[in-house]
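> The following comprises the amino acid sequence and a computationally predicted model.
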Amino acid sequence: MSVTKGSHRILCCGALLFCLAAFSANTALALEVRAALLRVDTTGSLPISRLDLPPEDLGIAGGRLGTEDNQTTGRFTDTTYTLETRVVAPEAAVEALDELLGQGIGLVAVMADGATVAELARRAGERAVILNASAPDDDLRSEACAANLLHVAPSRAMLADALVQFLVWKKWPRIFLIHGSHPADLALAESYRRAARKFGAKIVEERVFEDTGGARRTDSGHVLVQRQIPVFTQRAEDHDVVVAADESDVFAPYLPYHTWDPRPVAGSAGLTPVSWTWAHEAWGATQFQRRFEKLNGRPMRPQDYQAWLAMRVIGEAVTRTGSNDPARLRDYVLSDGFELAAFKGQKVTFRPWNGQMRQPILLTNLHLTVSVSPQDGFLHQTSPLDTLGLDRPESGCTAFKEIRP
């Protein structure tokens, strides 16, 4: 079969046009996903233990690993993920958010206190989806919820429920509750009261540990504690366990081994409920921890894990929808189709009525994972994970229009 010069030119031009069309199609399919992590640092007292001093890259390191994990999948889907990070003081938070929004970034993970998270969500409005990666405030999941605000951090109610479930399972229902004097401590104490009522435990006595502002990290600190804490805790009603509500980190670490009665300590010290602990090894967590440590040169903290979760929520939603539109990603995340592996024994999902991520809570003594809640025997008509935190009838959130499957 012979081919003329004219037909050869036509074939060449046709092949060139086909290649250009294929290139254009591939270019059209390529996605760029731009996310941000905004950390708002407040000035507070140093933690009691030097082991708890926050690293400079707290949370940022987790966001970096999450973006790297997203990019691994993105290589196969022609998707590029980038992460902008900002660390600012509270007075600069709104300006930092405006800058990110001005750059066209519509997916922003925020590490800040509850009031700041609420303010930033209002500021963003329909321009962005805000992922709360730190604030535990229950009202953000209830009356103060916002339609553009999703929560990857567990709430105080979830943490309290997880611990009290374990205490009831252990048949230690009589609780001596000691709480601090700061607003966050009072809110946490209320979460423990609610959890006790919910699961049939009993708070037999409460005491307030007033923060007098004295030095906590002195050479004679252990001497003073050894004298003061036993006196403070003596003559308490008969109890099985001491539960500390000390979100401000004023006194709780001093309680173990110093209480008047020989009882276990839980809550803000002793056995603590957390989203993550660097001691966790089950369900592939060891390999996950090692990847984080190799990348950042230190162990993973709960704040890092929550920032990692925020980025992975974005990555999973983008992969499943093929979109980088924040509104579409939010709708998918809230649907029954979304689930994400999180190294805690089961897939995590979101509650469509208030945007809270359902997730197991680890109970740790900082050396190992003692247990994981929800505990066996605590049942729910939808998911055992909904036994932790505000269930649908308990939440006062009305901002969410639930997404149908």
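Thanks, I have it.
> On the three-state scheme, residue 247 is what?
coil (DSSP: H, G, I helix; E, B strand; the rest coil).
> Once you drop chain neighbours, what's closest to it?
Spatial nearest neighbour of residue 247, excluding adjacent residues (C-beta to C-beta, 6 or more residues apart in numbering): residue 184 at 4.1 Å. Placement of C-beta: from N, CA and C, glycine included.
> Tell me which other helices or strands the helix or strand hosting the one you found touches.
Taking DSSP states H and E as the definition, residue 184 sits inside helix 183-199. Judged by 3 or more C-beta pairs under 8 Å, 6 or more residues apart in numbering; DSSP states H and E, helix 183-199 is in contact with helix 156-169, strand 174-180, strand 202-209, strand 241-245.
> and that helix, how far from the chain's centre?
Mean-position distance between helix 183-199 and its chain equals 19 Å (C-alpha atoms, centre = their mean, to the nearest Å).
> need the contact list for the spatially most central residue of the chain.
Most central in the chain under C-alpha atoms, centre = their mean is residue 153, positioned 2.3 Å from the mean C-alpha point. Neighbouring residues of residue 153 by C-beta atoms under 8 Å, 6 or more residues apart in numbering: 132-136, 275, 306.
> Closest one to residue 45 out of these, please.
Proximity of those to residue 45 (C-beta to C-beta) peaks at residue 134, which lies at 18.0 Å.
> now the closest one: how far from residue 112?
Relative to residue 112, residue 134 is positioned 7 Å away (C-beta to C-beta, to the nearest Å).
> One more: residue 287?
31 Å.
> Which of the two has more residues huddled nearby?
residue 112 (22 against 10; other C-beta atoms under 10 Å).
> these two touch, right, the more buried one and residue 120?
Yes - if you go by C-beta atoms under 8 Å, residue 112 and residue 120 touch, sitting 7.1 Å apart.
> Could you check what's spatially nearest to residue 152, not counting adjacent residues?
residue 309 (4.4 Å).
> That neighbour: neighbour count?
So residue 309, with other C-beta under 10 Å, has 25 neighbours.
> hang on, the residue nearest to the centre of the chain is in a helix, isn't it?
No - counting by three-state DSSP, residue 153 falls outside a helix, being coil.
> Domain parsing of this structure, as residue ranges.
30-154+275-360+390-405, 157-273 (automatic domain parsing).
> in stretch 118-135, what counts as buried?
Neighbour-count burial for stretch 118-135 flags 118-121, 124, 127-135 (criterion: 16 or more other C-beta atoms under 10 Å).
> from those, which is closest to residue 38?
Of the buried residues of stretch 118-135, the one sitting nearest to residue 38 (C-beta to C-beta) turns out to be residue 120, at 7.5 Å.
> I'd assumed residue 97 was in contact with that closest one.
Yes - the pair residue 120 and residue 97 qualifies as a contact (C-beta under 8 Å) at a distance of 5.3 Å.
> shared neighbours of the two, anything?
Counting by C-beta under 8 Å, 6+ apart, the residues touching both residue 120 and residue 97 are 38, 108.
> ranges for the helices of the stretch 201-350 of the chain?
221-233, 285-296, 302-321, 326-333 (DSSP state H, counting those that start in this stretch).
> Point out the most buried one among these.
Of the helices of the stretch 201-350 of the chain, the one with the most neighbours on average (mean count of other C-beta atoms under 10 Å) is helix 302-321, at a mean of 25.
> Against which helices or strands is it packed?
Right, helix 302-321 is packed against strand 31-40, helix 60-77, strand 79-88, strand 107-111, strand 129-132, helix 285-296, helix 326-333 by 3+ C-beta pairs under 8 Å, 6+ apart.
> Reformat these as TSV; add mean pLDDT and distance to residue 365.
Below are these laid out as TSV (pLDDT from 0 to 100; distance: least, C-beta to C-beta, whole Å):
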stretch	mean pLDDT	distance to residue 365
strand 31-40	97	28
helix 60-77	97	23
strand 79-88	97	31
strand 107-111	98	25
strand 129-132	98	27
helix 285-296	97	16
helix 326-333	97	33
